[in-house]
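Participant: Fold the stuff below for me.
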Amino acid sequence: MAAERITAANWGRIVSILLLWAMAALPIAHAARLKEIATIAGVRENQLVGYGLVIGLDGSGDQTTQTPFTVQSTLNMLRNLGVTLPPGTRLQLKNVAAVMVTAELPPFAKPGQRIDVTVSSLGNAKSLRGGTLVMTPLKGADGQIYAIAQGNVLVGGVGAQAGGASQTINHLAAGRIPGGATVEREVASNLSAAGPLYLELKTTDFTTAARVVAAINQKFGPGAAVAQDGRTILVDAPQEASARVAFLGQLLELPVTPATEPAKVIVNARTGSVVMNQEVRLKPVAIAHGNLKVTIQDDLTVNQPTTPLAGGETVAARQRSVKIEQPPAVLHHIKGGANLAEVIQALNALGATPMDLISILQAMKAAGALEADLEVI
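Facilitator: Residues are numbered from 1 along each chain as shown. Below is the predicted model of the structure:
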């Protein structure tokens, strides 16, 4: 009776402990702000590109005999600056390099704003270190000029050579100019125009789209948002510009718990790397893994007469041996993995290299033991 009374008294505590253990075993879902999982349609960056010249190099520029466009560009630049060279003049430009200049124009960029640019060698220049980019127009996909770039190129690498030996750290044929371009043209945006707004999820998922709609309707009232598909959500926003901006500030801060990502294993066949997310599961499976080793060895022996003063010559003989070793393949039994840690532990038990692991994963997927999408890149 005393034992029964103790059990009844502690029954509530035991149930509470079991519930805590069960909750700890469940995957934790973290809420994210809406701005982290969705973007506003039409609010995006635009790529810019331009062709220019970097001058002031210390003899590390383009070899003009192999890059005639560098000489042609230099002549055109001098001609535009009022410098006319006699016909037939041959230029040997060791301090000039032809480059491509790239940049990203952020949304709502206004004329006069500064943006960063990347400068990359187009010819065979050895280094852009210490060079200066001459004024270079940057164009968009429509052919219009949106920014002008100019400034000193910052190269993160360093190199030295002497007596036929050279040493290079990092990359010398590309660099950056922080704030090296000035915006000259504004990109039109439809954000201030009257009409509804569209949210675009960064990952297509119907569950996440439904949760976003529910969160918006709970915050701003029923009918404030309607899902068009698994990626696009129509939002009824205020028509006045300042009210729309304030509305978007509140909208993008809404906490939303995204749906669980599908189980996926990504295999890079070139580097041998394998990456998997926490949703990967394994079914019980048995795997035999063995390697075939072939060894070919040359042995140099000496043949000489067996008795003293006997006729004959001492000669060297080459003997070649071929040896094939194949360790017995051990059948490994892998239990069903419940989480990522158990999956990794089970695969590491095979003692396989990353390249072998790729073949094992492909075979497991074909056998139906890998509960995940296998993507080879």
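Participant: Quickly note the distance from residue 180 to residue 137.
Facilitator: Relative to residue 137, residue 180 is positioned 13 Å away (C-beta to C-beta, to the nearest Å). The C-beta positions use only the backbone N, C-alpha and C, and glycine is treated the same way.
Participant: okay, these two: which has more neighbours?
Facilitator: Between residue 180 and residue 137, residue 180 has the larger neighbour count (other C-beta atoms under 10 Å), namely 25 against 17.
Participant: Name the next helix or strand following the helix or strand of the chain with the lowest mean pLDDT along the chain.
Facilitator: Within the chain, no helix or strand scores below helix 2-25, which has a mean of 44 by mean pLDDT, DSSP states H and E. Tracing the chain past helix 2-25, the next element assigned as helix or strand by DSSP states H and E is strand 32-33.
Participant: mind listing what that next one pairs with, with the direction of each?
Facilitator: Strands that pair with strand 32-33, judged by DSSP bridges, come out as strand 255-256 (antiparallel).
Participant: Figure out how far the partner strand is from the centre of its chain.
Facilitator: 26 Å (C-alpha atoms, centre = their mean, to the nearest Å).
Participant: Can you name the next helix or strand after that strand?
Facilitator: Sequence order places strand 264-268 as the next helix or strand after strand 255-256, per DSSP H and E.
Participant: shared neighbours of residue 180 and residue 137, anything?
Facilitator: residue 149 (C-beta atoms under 8 Å, 6 or more residues apart in numbering).
Participant: How about residues contacting the helix or strand encompassing residue 233?
Facilitator: In this assignment (DSSP H and E), residue 233 forms part of strand 232-235. Applying C-beta under 8 Å, 6+ apart, the contact partners of strand 232-235 are 38, 41, 196-201, 209, 212-213, 216, 224-228, 251.
Participant: Filter those down to just the buried residues.
Facilitator: Neighbour-count burial (16 or more other C-beta atoms under 10 Å) is assigned, among the contacts of strand 232-235, to 38, 197-201, 209, 212-213, 216, 224-225, 227, 251.
Participant: re the thing from before, out of the contacts of strand 232-235, name the ones that lie in strands.
Facilitator: Residues of the contacts of strand 232-235 located in strands (DSSP state E): 38, 197, 198, 199, 200, 201, 225, 226, 227.
Participant: of the residues you listed, closest to residue 108?
Facilitator: Nearest to residue 108 out of the ones in strands among the contacts of strand 232-235 is residue 197 (C-beta to C-beta; 15.1 Å).
Participant: mind listing what's buried in stretch 207-224?
Facilitator: Going by neighbour count (16+ other C-beta under 10 Å), the buried part of stretch 207-224 is 208, 209, 211, 212, 213, 215, 216, 220, 224.
Participant: any idea of the pLDDT on residue 61?
Facilitator: Looking at residue 61, its pLDDT reads 87.
Participant: Is it located within a helix, as I assumed?
Facilitator: No: assessed with DSSP: H, G, I helix; E, B strand; the rest coil, residue 61 is coil; it does not lie in a helix.
Participant: and the nearest residue to residue 42 once chain neighbours are set aside, what pLDDT?
Facilitator: Using C-beta to C-beta, 6 or more residues apart in numbering and skipping the chain neighbours, the partner closest in space to residue 42 is residue 190 (5.1 Å). The per-residue pLDDT reported for residue 190 equals 72.
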